[in-house]
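J.: Predicted model, plus sequence, below.
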Amino acid sequence: MADLSINFAGIRSPNPFWLASAPPSNSGAQVHRAFETGWGGAVWKTIGAPVLNVSNRYGAWHYGNQKMLAINNVELISDRPIEINLREIAEVKRAWPDRALIVSAMVESKPEAWHDIIRRIQDTGADGIELNYGCPHGMSERGMGSAVGQVPEYCEQITRWVMEVAKIPVIVKLTPNISDIVMPARAAVAAGASALSLINTINSIIGVDLETMEITPNIGGRGGHGGYAGPAVKPIALNMLAALGRDSVVAGSKLAISGMGGISTWRDAAEFLLLGANSLQVCTAVMHYGFRIIEDLCDGLSNWMDEKGFASVAEVTGRSLHRVSDFKDFDLSFKAVARIDQEKCIRCDLCYVACNDTAHQCIDLFDKDGKVVPPGAYDQSSNGRLEAVLTRPKVVVREEDCVGCRLCFNVCPVENCIQMVELPPDRPPVTWDELSRKQREVTEDWKQMEKYREKMGIHIH
Amino acid sequence: MFTLEDQLTDAPIPPVAVSALQELLPPLSEHEAAVESARCLMCYDAPCTHACPTHIDIPKFIKKISTGNLLGSARTILESNLLGATCARVCPVQELCEGACVLGSEHKPISIGRLQRYTMDHLYGRKTDVFRAGKPTGKKVAVVGSGPAGLSCAGELAKLGHAVTLFERRSLAGGLSTYGIIVLREPVEVALAEVAMVQRLGAWLETGKDVGIDPPMGDLQKNYDAVFLSIGLGSTPELSIPGEEFILDGLQYIEGSKHQASQLRVGRNVIVIGAGNTAIDCATIARRLGAERVTMVYRRSEQEMTAYAHEYDFVKREGVHVWFLAQPVKVHHENGVVRGLECVRVSLGEPDASGRPSPKPIPGSSVLLPADQIVKAIGQNKPTLAMRLGLKTEKGFIQVNEEFETSAPGIFAGGDCIRARGAASTVMAVQDGKLAARSIHQRLVQHG
């Protein structure tokens, strides 16, 4: 069986799954219960400056029958007295020596304030500290959270203050509300941080109530941007994680990275590992289903690792990073076309309308005599189950015109019904980068491009 | 041999709660409708729409439920089918839209009928109309018979601005929806709400008018620019067996259960002759209103029965027994009090005119089935008005061309009275009415 334990910048954890700094890790009782359920670690909900919270602090984005595709919150850092938090942190750490207990902190941007909070956290016996530079709402208005994370210089300065007194590993948590995630990460590296974590929540407004025209959720007639998290943000998080892994400065620093942003299942977890995460943090999925989800997170990941022959989490980390490329390095000769499995096809025609209206018009409807027919070609006087089912046209890709855009594959509701089939390339491999170096004129002038296409037999209808 | 135990007693049947006849399926809750509508894949050129005889754009109306646009959903339904509330309840959806649902092959098809009912209930509950009468054309159309075909035709013509008079023989409009569909499937109020909607569109309703007698057909032809006959079918055919006068008529039995349920006399041991959908409804009513034993008697086998498979399954679950291959020969009674039905067992022979194997009595197989009430539901006679008007017929049904025009110019027809081919159904009647209205409109507009 695969070994799920990790050593993250010196912080040991029996599995890579930690509760993210958020409502699930708000109190000793909760973290205690999470550890009983099997969580490898927890990042305590941010402690620091005094705050007051409001009602209706969580909004959510639902889609179809899926509840909470994302959550959005305007909850601030811990509103429990700091002494109580520190006492409970110490108690939990004493009770769970084998688990990772990290404390998230955020105070005013003054060296004394940071020195003080770091020392007090270290006194609890906690394993590490996470610097919250990401909270995009409320705290940022007071010059904390993402107000720090969005300015690499602030990020570096405060991290330096922290490192002056830190005796335990320090993780810098990055905000995604920035044009290039690499910049604050480099700042953290420069300041000597022990590790990085990402992503914090994304600025968002969940919606507007069409009955009252108030902002959702409504806070006394007002509402505003909150932090967006959950399954919907996962692709954004993966991209930012990969961006760090591909940056020579950040990757060269070899700092451990704790990945988070929409991790709900072991599959998500494995993807974060493959793109460079050393540990994984989870919040929204726990807020949706409770601590119990840890069982399948570990079980599923372990089974997958066994199947793939990975003995440890460290072996998985970063395994797919080398495949992340820029467009300019893609092989322009790579060729795939869509193929529909007629046995599996349920004839919903969603691929047909998607291709016909919005892609490349290369799916045809064939009647039972093999003739191409337009949609709705049936006799208006015909009706009934058998008539409708038996005369329904077949949906077939016209492969010679298919550009392999993959839209039909994405809209098909049936598992493995549409396959993207890789075909032998029609021409030698070439990337845009090579083309612009060897035949610059082709990449700059449409006339030359047309000549090139003609020569290479590239026909776009 | 049959071995039915005689369970006859003279003790009165205890009163049965009216709730026994309540609509079988509860309405979908808002939550159920949201979940179910979100499950719809939104097929393009959807097979459910093809399967629907009125071709309602089903994914469109379901999507509108999902987005909370119920008024738009109702309009989508009514654009294709003015009797959306009735059809949502009485359509054999397993054979039509839901039977064609792409999710049906491996999963559960979308509950299209119940979603349609959800939208229609919302509309009628809001007392809103989605259509108004069209700009008056000055043309007058007489619609004879206010069942589904007549209402559909009248409503569509009124939408186009024609002055429609709707003649109805009975005291209430709605035809079979009002009188012939058991409450378990469609409450009377639903049918009457649709009648009222067509009236609000501007159709003028004349009840208690037996066209052909009062007013005479000649008057209609003289006073109207076009006539649409949607007169349905006639009475139940004769079995021509001794004691038949003591057998109750199935449609009247159902009518009693709809309009005077408390006064309907239901036996303890009821025999229903026939195995079509009306027979099933009669058997259901009898069971629900307190009959201890209900037996359907049919002279062919299960393969030939005309009831939908899902209806047959339903009635079996209601505790109704079906005796196949038994042909009634005589009603046994004492001074008019029914005591039983004598039947002979039959074997199936060569196909008859209907294309189904003909029953051949087995000599000496006669048996007496005890019963204190016998109901027959063996189809309906062909419309007699056609004969009286001298219209051409096909297998006894009124013959119409592709434009729903009869052999008499200017007289159109639709619904059960023209159903020479295929099974009669409400939704087919609605479609006839809609298409006939288009033909009539074309005719009236073209000829100025």
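T.: Sure, I can see it. Here the structure is a predicted model, which is why all the values come from computation and not from measurement.
J.: In the longest strand seen in chain B, which residues are buried?
T.: For chain B, the strand with the greatest residue count under DSSP state E is strand B:337-351. When neighbours are counted by 16 or more other Cβ atoms under 10 Å in any protein chain shown, the buried residues of strand B:337-351 are found to be B:338-346, B:348. C-beta here means a position set from N, CA and C on the backbone, and glycine is covered the same way.
J.: Please apply the same query to stretch A:261-273.
T.: Of all the residues in stretch A:261-273, those buried under the rule 16+ other Cβ under 10 Å are A:261-266, A:268-273.
J.: quick one: buried residues of stretch B:382-399?
T.: Counting neighbours by 16+ other Cβ under 10 Å, one finds that the buried residues in stretch B:382-399 are B:382-383, B:385-386, B:389, B:391, B:393, B:397-399.
J.: among the residues you listed, which are in reach of chain A?
T.: For chain A, no contacts are drawn from those by Cβ under 8 Å from any Cβ of the partner chain.
J.: Out of these, the closest to A:Val372 would be?
T.: Of all the buried residues of stretch B:382-399, A:Val372 sits closest to B:Gln399, with 37.6 Å by Cβ to Cβ.
J.: Report the separation between the closest residue in space to that closest one that isn't next to it in sequence and chain A.
T.: Across the structure, with Cβ to Cβ, 6 or more residues apart in numbering or on different chains as the measure, the residue nearest B:Gln399 apart from its sequence neighbours is B:Lys392 (4.4 Å). According to Cβ to the nearest Cβ, to the nearest Å, B:Lys392 stands 21 Å off from chain A.
J.: Skipping its backbone neighbours, what lies nearest A:Phe291 in space?
T.: When the adjacent residues along the chain are set aside, A:Phe291 lies closest to A:Thr37, with 4.1 Å between them (Cβ to Cβ, 6+ apart).
J.: The one you found: what's it in contact with?
T.: Under the criterion of Cβ atoms under 8 Å, 6 or more residues apart in numbering or on different chains, the contact list for A:Thr37 reads A:291-292, A:294-295.
J.: Please enumerate the strands of the stretch 351-461 of chain A.
T.: In the stretch 351-461 of chain A, the strands defined using DSSP state E, counting those that start in this stretch lie at A:363-366, A:394-397, A:418-423.
J.: So which of these is nearest B:Ser230?
T.: Of all the strands of the stretch 351-461 of chain A, strand A:363-366 sits nearest to B:Ser230, with 36.8 Å by Cβ to Cβ.
J.: Next, the buried residues of the closest one.
T.: A:363-365.
J.: Let me have the residues you listed in a markdown table, extended by distance to B:Tyr124 and pLDDT.
T.: What follows is the buried residues of strand A:363-366, written out as a markdown table (distance: Cβ to Cβ, whole Å; pLDDT from 0 to 100):
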| residue | distance to B:Tyr124 | pLDDT |
| --- | --- | --- |
| A:Ile363 | 41 | 98 |
| A:Asp364 | 43 | 98 |
| A:Leu365 | 38 | 98 |
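J.: tell me which of these is nearest to chain B?
T.: If you rank the buried residues of strand A:363-366 by distance to chain B using Cβ to the nearest Cβ, A:Leu365 comes first, at 8.2 Å.
J.: Flag every residue of chain B that's near chain A.
T.: Near chain A, when you scan chain B using Cβ under 8 Å from any Cβ, you find B:35, B:38-39, B:41-48, B:50-53, B:55, B:66, B:94-96, B:99-100, B:102-103, B:105-106.
J.: Please pick the buried ones from these.
T.: Taking 16+ other Cβ under 10 Å as the criterion, what is buried in those is B:38-39, B:41-48, B:50-53, B:55, B:66, B:94-96, B:99-100, B:102-103.
J.: Ignoring the adjacent residues along the chain, who's closest to A:Asp367?
T.: Sequence neighbours aside, A:Val373 is the residue nearest to A:Asp367 in space, at 4.7 Å (criterion: Cβ to Cβ, 6+ apart).
J.: Provide a list of residues in contact with that neighbour.
T.: Contacts were defined as Cβ under 8 Å, 6+ apart; by that measure A:Val373 touches A:365-367, A:393.
J.: domain parsing for the chain?
T.: All of this refers to chain A. Here the domain parsing of chain A from automatic domain parsing is A:6-322, A:327-429.
J.: let's do chain B instead
T.: For chain B, automatic domain parsing gives the domain ranges B:27-126, B:140-234+B:381-446, B:236-376.
J.: Reformat these as TSV; add distance to B:Arg132 and mean pLDDT.
T.: Rendered in TSV, the data for the domains of chain B read as follows (distance: least, Cβ to Cβ, whole Å; pLDDT from 0 to 100):
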stretch	distance to B:Arg132	mean pLDDT
domain B:27-126	12	96
domain B:140-234+B:381-446	7	95
domain B:236-376	31	94
